[in-house]
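# mind folding the following:
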Amino acid sequence: MAGSVEKIYSDALYELAAEENAVETVNGELKALAAVFDENPELVKLLCAPTVPNDEKLKVISNIFGGRISETVYNFLCLLTEKGRAAYLSKIADAFRKKYNELAGIAEVTVTTSTELSPALEKKLADKLAVVFGKKISMIKKVDPSILGGVVISCGGTLMDGSVRAKLDAVRAKIGSLIA
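Have a look, this model is predicted:
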């Protein structure tokens with residue numbers, strides 16, 4: 001079954017975090033750990049290497065993360081390493097974040113603009129999106145100059161493309177159909 005490793009581990013960690021009243025903390029720490037793992041593939045290779053004894057792997061984890069993350073996430077990372085599942089951390093973090101967002105009533109929205117949004121415009125957009133989706137908004141901002149202007153908003157399976165590029169493409173297609 002695809003994705004079952006991420007789901008099993010993220011669900012178990014979510015349940016533990018909920019019991020400890022630390023879901024928000026665990027969510028943030030998992031996000032930070034996933035970023036560290038994504039930026040340091042050598043670390044992931046080391047933690048997954050069958051030739052490196054587990055006690056050495058755990059020493060590496062202790063040296064890097066000991067005292068810097070909660071005991072819950074630290075122990076979880078040690079467990080993943082001992083079970084040979086450290087490479088799944090980013091996917092587990094994603095699954096955890098999705099469950100957290102769903103249960104907390106948060107819509108994760110990706111907003112793509114041609115230039116950086118000002119804080120005032122970002123807040124105004126987040127407020128409008130909160131009304132549209134009926135949830136709190138967690139905004140992932142991307143800058144893509146190729147859209148030329150406007151905004152592209154993606155949330156789950158919903159895509160709202162108000163970019164200048166999309167409008168130009170529509171005009172180009174309309175003209176093309178008239179000429180053909």
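
# point to the residue nearest the middle of this protein.
For the chain, the residue nearest the mean C-alpha position is Asp94 (5.2 Å; Cα atoms, centre = their mean).

# part of a helix, is that residue?
Yes: applying DSSP: H, G, I helix; E, B strand; the rest coil, one finds Asp94 inside a helix.

# for it, give its distance to Met139.
17 Å (Cβ to Cβ, to the nearest Å). C-betas here are computed from N, CA, C, even on glycine.

# for this structure, which spans come out with low pLDDT?
1-3, 180 (pLDDT under 70).

# run the last query once more with 50
By pLDDT under 50, the low-scoring segments of the chain are 1.

# and the strands in the protein, which stretches?
106-113, 136-143, 151-155, 158-161 (DSSP state E).

# which ones are touching the closest residue in space to Leu89 that isn't next to it in sequence?
Once flanking residues are discounted, Leu89 sits nearest to Phe37: 5.2 Å by Cβ to Cβ, 6 or more residues apart in numbering. The contact partners of Phe37, taken as Cβ atoms under 8 Å, 6 or more residues apart in numbering, are 43-44, 86, 89-90.

# buried ones among those?
Using 16 or more other Cβ atoms under 10 Å as the burial test, those include 44, 86, 89-90 as buried.
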